[in-house]
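Asks: give me coordinates for this.
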Amino acid sequence: MVDHIKSLGVIIQHKLNFELHTFSLLKQCSQRMYLLRLLRSQGLSTDHLDTVFHALVVSRILYALPAWGVFLNAGQTGTVW
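Replies: Purely as a prediction, here's the structure:
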């Protein structure tokens, strides 16, 4: 039995669990935030940093979000009820 599969950049686990995808996405975004800190330390302007942030981080989070985002639990979304 296959535990998970990556299709079109989204990791789908059996029983439609997206915990592995969420972990992978957060890891990628963290690495890209490090790159942004390096660029800021090199003197890149705020406007350019904003453009790079949207291109590297926001676009990654929003990619296919309607397909997998509805399966997240409150702990994964940061929602406190």
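Asks: next one: phi and psi at Gln13?
Replies: Dihedral pair for Gln13: phi -90, psi 160, per degrees, to the nearest 10.
Asks: ok now do it, which residues does it touch?
Replies: Counting by CB atoms under 8 Å, 6 or more residues apart in numbering, Gln13 touches Asp3, His4, Glu19, Leu20, His21. No exception for glycine: its C-beta is placed from N, CA and C like everyone else's.
Asks: dig out what it forms beta bridges with.
Replies: Counting by DSSP bridges, Gln13 is bridged to His4, Asn17.
Asks: so which residues of the chain form strands?
Replies: Using DSSP state E, the strands of the chain run over 4-7, 10-13.
Asks: helices or strands up against the first one?
Replies: Spelled out, it's strand 4-7. strand 10-13 (3 or more CB pairs under 8 Å, 6 or more residues apart in numbering; DSSP states H and E).
Asks: sketch out the low-pLDDT regions of this protein for me.
Replies: 76, 78-81 (pLDDT under 70).
Asks: so which residues of it form helices?
Replies: 19-41, 46-53, 59-62, 65-68, 74-77 (DSSP state H).
Asks: adding mean neighbour count and distance to Ile11, write those out as JSON lines.
Replies: Formatted as JSON lines, the helices of the chain follow (neighbours: other CB atoms under 10 Å; distance: least, CB to CB, whole Å):
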{"stretch": "helix 19-41", "mean neighbour count": "13", "distance to Ile11": "4"}
{"stretch": "helix 46-53", "mean neighbour count": "12", "distance to Ile11": "23"}
{"stretch": "helix 59-62", "mean neighbour count": "12", "distance to Ile11": "13"}
{"stretch": "helix 65-68", "mean neighbour count": "12", "distance to Ile11": "9"}
{"stretch": "helix 74-77", "mean neighbour count": "10", "distance to Ile11": "14"}
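Asks: distance to Ile12 for those - can I get that in a markdown table?
Replies: Formatted as a markdown table, the helices of the chain follow (distance: least, CB to CB, whole Å):
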| stretch | distance to Ile12 |
| --- | --- |
| helix 19-41 | 7 |
| helix 46-53 | 27 |
| helix 59-62 | 17 |
| helix 65-68 | 8 |
| helix 74-77 | 15 |
